[in-house]
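Student: This is a predicted model, with the sequence first.
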Amino acid sequence: MLIVAALAALTWTLEHGPWPRCRCLPTDPCWQEVDWPALNKSVQGRLSRSVDPIEVCRESLTSLGCSEALEGSDDEFWLTAQPNGFLHTGQFGLWNLTTALSRYTVEALTEADIAATVAFARRYNLRLAVKSTGHDWYGRSTAGGGLLLWTHRRKRITWHSSFVPVGGGGSTGVPAVTVESGVQFSDLYPQAQATPFPGDPHNRATIVMGGGCDSVGVAGCWLGGCYNVFTKKFGDAAVNLLEAKVVLANGTIVVASETSHPDLFWSLRGGGGGNTGVVTEFTARTHPAPRYMLDSRFTGRATDLSGYKTLFSKVLELLSATNRWPLDQQCTSAGPIWSTVNRSAGQYCRHYEGDQTQIAALYAPFDAWCELPSTQAAGITCGSTTGFLWNQTEYREKDKIWDNASFIPKQWIGNEPWISFHPDREISTALLGSLSKYIPLQGCNTVDGRSALVDGIVRMDAVLDAMSGTNGLKFIRGATGDKSQSGMPTEIVARFQRTALNPVLLDAAAFILIMVNIPSLPQLPPSARLLKALWPRLQQYAVVSQSDPLWAVCEKGATGSDASAVECMEGWNRRIPAFRAQIAQVRQILWDTFPNHLNGTSFSGSYLNEADYEDPEWQQSFWGSNYPRLLQLKKTLDPQGLFYGHHAVGSELWSPDGNCRLDL
């Protein structure tokens, strides 16, 4: 692999001389030399000028095409089916789609299409982006003024009862699935539920480790880690990856596994997209679906702040204890639930099968604490419950109508607790901010550690509660256990340690996420027609109360007054600096409470697909001690830096727009 990269670098130098410092963009003289007809011929005529699907509204806001586009802009599957459709339209003050759109798009149907496009972009020093579905929060799946490689139509799925990775020699085969790079979980999961797990005595269906949102693409998710409610039992998607077919930066195709191109394969298992190549297909280990799932909960409420902190500390103690429960009763996903303003705290726990009686007994010490006179004297009431969450009979007796088409009624989807519709708040919205950190198990293991975490969360909530006041915002805040990988079985830990994932994940008890999304289509100027389309969702997330002075203005604009529509949107935009200042406060508290390092050791981190756009320590947050090796492999396998993304491996070597090298 290193020889291949070295030869690629030598070939470029011999043909073109030293690599230029900046990409070739439409405003540069070199653009006139780019042989676009040759690329179009090599991809069988599937090269086209990139067009924003909302562009039709610039011509006429009253046309049928515009009405369809505005309606489609709130539909996850409509957007993902557009070559230049993106669920996230920007981040206020940092980037938006008005400047991020590529100049040309290749609709890749074959590996040859992908290889030809990559080789072409490299030859002409073009800015290249790769897109399957366009869920990325930070614009990494588009390239302003460059070339977009769109893999969404590649949908083939192949199931294996016994798969041996390339170079596997005499190793025993395992049940697996091979998917092409355009597959979405809405394509994959229904097939998995209809596929019996090979050799299972209980006649269970199959599950594949992946994300929980239906329209998300396998490629971007799996490369970054990708988690669901079974992560602690089977490991995340990157842990379960067995083999990948990859187009390298020089356009050659290789098949990587732990024994074939092992360095490349290691970088693909958690290294994220925009790194060392374009994956055309993945093969991953599969597992038996549960016959049933249990849900256990510990919930409580306090009468004052002091009692609330005591209760919350007990919840974190429980979170720590669940990692030591017997594996057959363990939470496959567990996370704290809290509301500082309501003085309530608790923990949810999902179980892959398990025994209700045994699980209830594991809560006994905490239920006993709730009954102590000292606990009750502190104004705390609490207790646990355990019950069924789901069983396979329930699924098999219901309508099995599930397709990635926007007309399918939502109530027909989601019978399984590991899949759901993509959140509405993430469809055609721009971020005001996204902040996330892992809750470390080591912080939950001691009285002082728990106290420090609770104090930080209470301070953070004070700012967030101010943001969500009467005239404020509604947004995501809370914690999930899906990304926790502490307490996994020894065999799964061993697999994890052979990936590029941040080692701190093995101590992660839960994952805190704060995400502020505002419905936004920045491609269009303010108008009554635009506001009419956005107003129902703005009422949910941005202008949430009729007592808000903007409410009446916005409602008037949404019913036909262009002047009021402009006043509404400009009025809301004037609030952005104050909100961003509050988000900066929350960021500082979050970092003070969950630093990447504490007392000289790794403490916390973040998930690269759901992180802070402005994370000042993103290399450490995403990959920890694995980053130096990832960066060296990036320089070796992609010396020209063809693959770029915001806060992707090696992006610190480039200007923020990804167009000019900083180290040349």
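Tutor: Received, thanks. Residues are numbered from 1 along each chain as shown.
Student: which element is Ser267 on?
Tutor: helix 262-268 (DSSP states H and E).
Student: Please report how far the closest residue to Ile583 other than its chain neighbours lies from Gln582.
Tutor: Excluding the flanking residues, the one nearest Ile583 by CB to CB, 6 or more residues apart in numbering is Gly433, at 3.8 Å. The way it works is simple: take the backbone N, C-alpha and C, and place the C-beta from them, glycine included. Using CB to CB, to the nearest Å, Gly433 is found at 9 Å from Gln582.
Student: now swap in Gln191 and tell me
Tutor: From Gln191 to Gln582 the distance is 45 Å (CB to CB).
Student: again with Leu126
Tutor: 40 Å.
Student: do Gly85 as well
Tutor: 31 Å.
Student: what about Gln191 and Gln582, which has more around it?
Tutor: The residue with more neighbours, out of Gln191 and Gln582, is Gln582; 19 against 16, by other CB atoms under 10 Å.
Student: so what pLDDT did the more buried one get?
Tutor: In this prediction, Gln582 carries a pLDDT score of 95.
Student: Got phi/psi on it?
Tutor: Dihedral angles of Gln582 (phi, psi; degrees, to the nearest 10) stand at phi -70, psi -40.
Student: Kindly report the same for the one 10 residues further on.
Tutor: Comment: the main-chain dihedrals of Asp592 come out as phi -70, psi -40, following degrees, to the nearest 10.
Student: so the closest residue to it other than its chain neighbours is in which element?
Tutor: Among residues not flanking Asp592 along the chain, Gly456 sits closest, at 6.4 Å (CB to CB, 6+ apart). Secondary structure from DSSP H and E places Gly456 in helix 447-467.
Student: Name the residues of that helix that are buried.
Tutor: 449-461, 463-464, 467 (16 or more other CB atoms under 10 Å).
Student: which one of these is nearest Ile518?
Tutor: Met467 (12.4 Å; CB to CB).
Student: Return the distance of the closest one relative to Asp455.
Tutor: For Met467, the distance to Asp455 - CB to CB - is 20 Å.
Student: got it, and Ser604?
Tutor: 16 Å.
Student: likewise Pro519?
Tutor: Distance from Pro519 to Asp455, by CB to CB: 35 Å.
Student: same deal with Val544?
Tutor: For Val544 relative to Asp455 (CB to CB), the value is 29 Å.
Student: can you check Gly277 too?
Tutor: 45 Å.
Student: tilt between the helix or strand Ser320 falls within and helix 447-467?
Tutor: Here Ser320 is covered by helix 305-322, with elements defined by DSSP H and E. On the basis of axes from the mean of the first three to the mean of the last three CA atoms, to 10 degrees, helix 305-322 is oriented at 120 degrees to helix 447-467.
Student: residue ranges with poor pLDDT in the stretch 301-450 of the chain?
Tutor: 392-417, 421-422 (pLDDT under 70).
Student: Please, where are all the strands along it?
Tutor: 331-339, 344-352, 380-391, 429-440 (DSSP state E, counting those that start in this stretch).
Student: What helices and strands are in contact with the second one?
Tutor: Identification of packing neighbours for strand 344-352 by 3 or more CB pairs under 8 Å, 6 or more residues apart in numbering; DSSP states H and E yields strand 292-302, helix 305-322, strand 331-339, strand 380-391.
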